[in-house]
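Undergrad: From the sequence below, what's the structure:
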Amino acid sequence: MIIVDNALAERHASGDPIRVGLVGGGFMARGITFQVERHMKGMTILAIANRTIAHAVEAFREAGVDDPVEVHTPDELDEHVRAGRHVVTDDPAVLTQSRSLEGIIDATIDIEHSARVALAAIDGGKPLVTMNADMDATVGPLLKTRADAAGLTYSGTDGDQPGSIMNLLRFVDTIGYRPVLAGNMKGFQDVRRTPDTQKEFAAKFGLSPQAATSFADGTKIAMEQAVVANATGFRVGKRGMYGPERAHVTEAVDAFPLDELLEHGLVDYLLGAQPGPGVFVIGYSDSPIRQRYMRYFKMGDGPLYVFYTPFHLAHLEVPLTVARGILLQDVSIAPRGGPQCDVLAVAKRDLAPGDVLDGVGGFMAYGEIDNTATIADEGLLLMGLAAGSRVVRPVPQDRPISLEDVELDEDRLTVQLRRKQDELFE
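TA: Residues are numbered from 1 along each chain as shown. As a prediction, the model looks like this:
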């Protein structure tokens with residue numbers, strides 16, 4: 001996004017940086033604050049909302065802001081911002097209802113909390129950048145329609161795999177190659193991983209054990225690829241995706257069924273491929289002239305070509321997504337309509353009546369991606385709605401959990417939003 005640097009430079013030169021509110025105080029939120037306050041021109045994080053105020057204060061202090069003021073109302077926030085102060089609060093609505101802030105970044109991992117932040121941002125007239133792929137995969141299509149109706153941008157983020165994939169896919173499409181696969185890369189996957197097994201890894205990097213578990217048990221990549229499917233209209237070829245093992249990403253050229261690639265496009269991933277943790281897109285062209293040039297560029301014989309990016313840098317690239325939305329009304333990645341793929345819940349262990357599911361990154365279930373129509377036809381529970389659901393009949397390990405196996409927590413906002421989304425796109 002080279003054009004963004006000039007737009008940010010103009011805001012910097014004018015002495016009017018983009019004024020951003022951040023929701024979250026964890027690993028990513030701290031990284032974003034440090035990046036913006038220490039290394040970005042034309043943008044500033046003026047306010048951080050987090051349920052634990054001390055974490056918001058610490059995020060600012062790491063970034064060199066030593067005296068943030070705690071506020072409780074939008075008016076208080078605006079008053080201190082006018083006086084040149086940074087603020088913290090435990091209420092995201094203080095940010096979303098502020099007149100001073102131009103956009104909101106949601107850097108939280110809880111699906112229910114993120115959905116509330118998204119609705120509050122839209123209600124407050126604020127463009128939103130969400131880092132929560134789990135929430136986006138579950139109710140993003142509905143939230144995108146509401147943001148559109150309000151004239152606002154709703155976007156996933158550059159630097160996370162879905163946004164990085166979409167940027168690459170747009171490039172491939174722009175240079176005239178038909179994108180037929182949007183691909184992720186994963187080092188390993190083990191559905192038996194739990195917060196206990198991932199505790200040390202999580203502590204090493206300052207992550208929550210739940211987040212680390214969702215990375216390892218396959219739920220996160222399922223959610224991310226559902227987000228990509230909903231943005232592209234692509235599908236999966238089988239439940240859970242093919243996920244073939246390859247040594248290098250360039251070997252993806254013959255790793256997937258050609259007929260499915262050309263018929264409707266696929267979202268999928270490679271297991272163990274280098275250079276990880278990157279992303280890739282397979283583009284198609286059967287032009288003999290183009291094939292001659294691609295052989296010259298050492299891209300292979302065609303008609304399938306692998307384009308890849310060998311990294312994704314989440315907290316470093318989030319500010320670029322904010323700038324795209326506010327300055328250029330462009331998004332990194334967002335649903336294009338109704339859902340194409342969803343993530344179903346699968347029992348991680350034997351479940352008994354009375355068990356209450358603990359959701360993404362927990363001890364009781366992991367997520368697998370499938371086409372939305374298939375999940376609906378089979379009446380399966382979505383992983384994004386699993387938390388708080390009470391098991392009413394036994395479910396053996398590794399069996400998909402059906403809606404008849406559980407009682408949903410009807411008080412949860414995400415359950416209510418998903419019902420509205422299903423009605424909207426039925």
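Undergrad: Only C-alpha atoms from now on, for both contacts and neighbour counts.
TA: OK.
Undergrad: Val253: what secondary structure?
TA: Secondary structure, DSSP: H, G, I helix; E, B strand; the rest coil: Val253 is helix.
Undergrad: number of nearby residues for it?
TA: Applying other C-alpha atoms under 10 Å, we find 18 residues neighbouring Val253.
Undergrad: From Gly183, how far out is it?
TA: 11 Å (C-alpha to C-alpha, to the nearest Å).
Undergrad: Can you work out which residues contact both of those two?
TA: Ile282 (C-alpha atoms under 8 Å, 6 or more residues apart in numbering).
Undergrad: residues making contact with the helix or strand bottoming out on mean pLDDT in the chain?
TA: Across the helices and strands of the chain, mean pLDDT, DSSP states H and E gives its lowest value to helix 199-205, namely a mean of 90. Under the criterion C-alpha under 8 Å, 6+ apart, residues Ser208, Pro209, Ala211, Ala212 lie in contact with helix 199-205.
Undergrad: For the first one, grab phi and psi.
TA: Translated: Ser208. phi -80, psi 150 (degrees, to the nearest 10).
Undergrad: Could you do the second one as well?
TA: The phi and psi torsions at Pro209 (degrees, to the nearest 10) take the values phi -60, psi -30.
Undergrad: Just say helix, strand or coil for the closest residue to it other than its chain neighbours.
TA: Of all residues beyond its chain neighbours, the one nearest Pro209 is Pro195 (4.8 Å), with distances taken as C-alpha to C-alpha, 6 or more residues apart in numbering. Assigned with three-state DSSP, Pro195 falls in the coil class.
Undergrad: what's near enough to touch Pro195?
TA: Contacts for Pro195 (C-alpha under 8 Å, 6+ apart) come out as Pro209, Gln210, Ala212, Thr213, Gly361, Gly362, Phe363.
Undergrad: now, which of these lie within helices?
TA: Among these, the members falling in helices (DSSP state H) are Pro209, Gln210, Ala212, Thr213.
Undergrad: Can you give me every residue that contacts the first one?
TA: Applying C-alpha under 8 Å, 6+ apart, one finds that Pro209 lies in contact with Pro195, Asp196, Gln198, Lys199, Ala202, Ala203, Gly361.
Undergrad: do the same with Glu112
TA: Taking C-alpha under 8 Å, 6+ apart, one finds Met135, Arg412, Leu413, Thr414 in contact with Glu112.
Undergrad: List the contacts of the closest residue to Gly359 other than its chain neighbours.
TA: Leaving out its chain neighbours, the residue that sits closest to Gly359 by C-alpha to C-alpha, 6+ apart is Ala387, at 4.0 Å. By C-alpha under 8 Å, 6+ apart, Ala387 lies in contact with Val356, Leu357, Asp358, Gly359, Val360.
Undergrad: want to throw these into CSV with neighbour count and secondary structure?
TA: Output for these, formatted as CSV (neighbours: other C-alpha atoms under 10 Å; DSSP: H, G, I helix; E, B strand; the rest coil):
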residue, neighbour count, secondary structure
Val356, 20, strand
Leu357, 22, coil
Asp358, 16, coil
Gly359, 24, coil
Val360, 28, coil
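Undergrad: so can I have a markdown table of those residues showing pLDDT and distance to Phe425?
TA: Below are these laid out as a markdown table (pLDDT from 0 to 100; distance: C-alpha to C-alpha, whole Å):
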| residue | pLDDT | distance to Phe425 |
| --- | --- | --- |
| Val356 | 97 | 29 |
| Leu357 | 97 | 27 |
| Asp358 | 95 | 28 |
| Gly359 | 93 | 25 |
| Val360 | 96 | 25 |
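Undergrad: What is the nearest of those residues to Gly31?
TA: Val360 (22.9 Å; C-alpha to C-alpha).
Undergrad: Find the nearest non-adjacent residue to that closest one, please.
TA: Using C-alpha to C-alpha, 6+ apart and skipping residues adjacent in sequence, the residue nearest Val360 is Ser214, 6.3 Å away.
Undergrad: re earlier: how close does the residue nearest to Pro209 get to Gly283?
TA: For Pro195 relative to Gly283 (C-alpha to C-alpha), the value is 38 Å.
Undergrad: Export only the CA atoms of whichever strand in the chain runs longest, formatted as CSV.
TA: In the chain, assigned by DSSP state E, the strand with the most residues is strand 178-186. Taking Å, rounded to 0.1, in the frame of the first residue of the first chain, the C-alpha atoms of strand 178-186 are listed here in CSV:
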residue,chain,number,x,y,z
ARG,A,178,-7.1,-15.4,-12.3
PRO,A,179,-6.9,-16.2,-8.6
VAL,A,180,-8.0,-19.8,-8.0
LEU,A,181,-6.7,-20.6,-4.5
ALA,A,182,-6.2,-18.4,-1.5
GLY,A,183,-3.7,-20.2,0.7
ASN,A,184,-2.3,-20.1,4.3
MET,A,185,0.7,-22.0,5.7
LYS,A,186,0.9,-23.9,8.9
